[in-house]
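Undergrad: Everything below, folded, please.
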Amino acid sequence: MEILYKVHNNLYVNLTNRCPCACTFCLRQTIDRVGESDSLWLEHEPSVEEVIAEFDKFDMDEYEEVVFCGFGEPTEALPVLLAVAEYVKETYRMPVRLNTNGLGNLIWERDITPEFEGLIDAVSISLNTPNAASYYELTRSRFGENSFDAVLDFAKRCTQHVSQVVMTTVETTITRAEEEECRKICDEIGADYRIRTWVG
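TA: As a prediction, this is how the structure comes out:
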């Protein structure tokens, strides 16, 4: 069971396979590995202790950043995420990034962003599209069309607690005009905008 895996110069943390979305472009539909991993499908969700024990298998001096991102939405496992982030900050003094679909507040039915303070240095949020209807069409979120506004609200709240907030779309999934609309949304929120390369 792969809990930690390398992508480029970063060490990624795979906490859960749960996700409230079933995105049309999701890698999980076609592959079961990313970066230097064999399979990111988990036998069970690891405990805090299991995740921390995995760090002993890696030379942390080789990595630039620890990233919470696996075959699921990391905030589904929020208590473990926060505890492991605290361990990484205290033990290795390394930057910590969270890659998320931005639906954590809907998942937990409360604002979770204040809990990122001091533990998460950067949050990368999947914006995907500039409007609610196409967002739902692309992500098929179980929270319905309310998901899009929730993602924007989550991103705005993150800017109050995290030093770097990035919102992303995937190249080829929307038009250039839509990308410009997304850029404007990010400017209004105070987030950076990035177009991710599609991997299939």
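Undergrad: what number of residues lie near residue 77?
TA: 25 (other CB atoms under 10 Å). Bear in mind the C-beta positions are built from the backbone N, C-alpha and C, glycine included.
Undergrad: For residue 115, see how far away it is.
TA: Using CB to CB, to the nearest Å, one gets 13 Å for the distance from residue 77 to residue 115.
Undergrad: and if you look at residue 58?
TA: For residue 58, the distance to residue 115 equals 26 Å [CB to CB].
Undergrad: Over to residue 175?
TA: Per CB to CB, residue 175 is found 36 Å from residue 115.
Undergrad: before we move on, what about residue 158?
TA: The gap separating residue 158 from residue 115 is 11 Å, by CB to CB.
Undergrad: Please apply the same query to residue 140.
TA: To residue 115, residue 140 is 27 Å away according to CB to CB.
Undergrad: Between those two, which is the more surrounded one?
TA: Using other CB under 10 Å, the more surrounded residue of residue 140 and residue 115 is residue 115, with 19 against 15.
Undergrad: so what pLDDT did residue 28 get?
TA: Looking at residue 28, its pLDDT is 65.
Undergrad: Repeat that for residue 196.
TA: On pLDDT, residue 196 comes in at 87.
Undergrad: do the same with residue 140
TA: 94.
Undergrad: list the contacts for it?
TA: 21, 22, 23, 24 (CB atoms under 8 Å, 6 or more residues apart in numbering).
Undergrad: Quick check: closest non-adjacent residue to the first one.
TA: In other words, residue 21. residue 139 (4.4 Å; CB to CB, 6 or more residues apart in numbering).
Undergrad: Near the one you found, how many other residues are there?
TA: Residue 139 has 25 neighbouring residues, counting by other CB under 10 Å.
Undergrad: I figured it hits residue 22, correct?
TA: Yes: taking CB atoms under 8 Å as the definition, residue 139 is a contact partner of residue 22 at 7.4 Å.
Undergrad: Figure out how far stretch 75-93 is from the centre of its chain.
TA: The chain centroid and the centroid of stretch 75-93 are separated by 14 Å under CA atoms, centre = their mean, to the nearest Å.
Undergrad: got the contact list for the host helix or strand of residue 87?
TA: Element membership for residue 87, per DSSP states H and E: helix 78-92. Helix 78-92 has contacts (CB under 8 Å, 6+ apart) with 13, 15, 45-48, 51-52, 55, 60, 66, 68, 74-75, 94, 96, 98, 104, 107-108, 112, 115, 118-120.
Undergrad: Disregarding residues adjacent in the polypeptide, which is nearest to the most centrally placed residue in the chain?
TA: Compute the mean C-alpha point of the chain, and by CA atoms, centre = their mean the closest residue is residue 99, 1.9 Å away. If the residues on either side of it in the chain are set aside, residue 99 comes closest to residue 69, at 3.7 Å by CB to CB, 6+ apart.
Undergrad: Run through the residues that contact that neighbour.
TA: Going by CB under 8 Å, 6+ apart, residue 69 touches 12, 13, 14, 97, 98, 99.
Undergrad: Please enumerate the strands of the chain.
TA: Secondary structure of the chain by DSSP state E: the strands cover 4-7, 10-13, 65-68, 96-100, 122-126, 164-170, 192-196.
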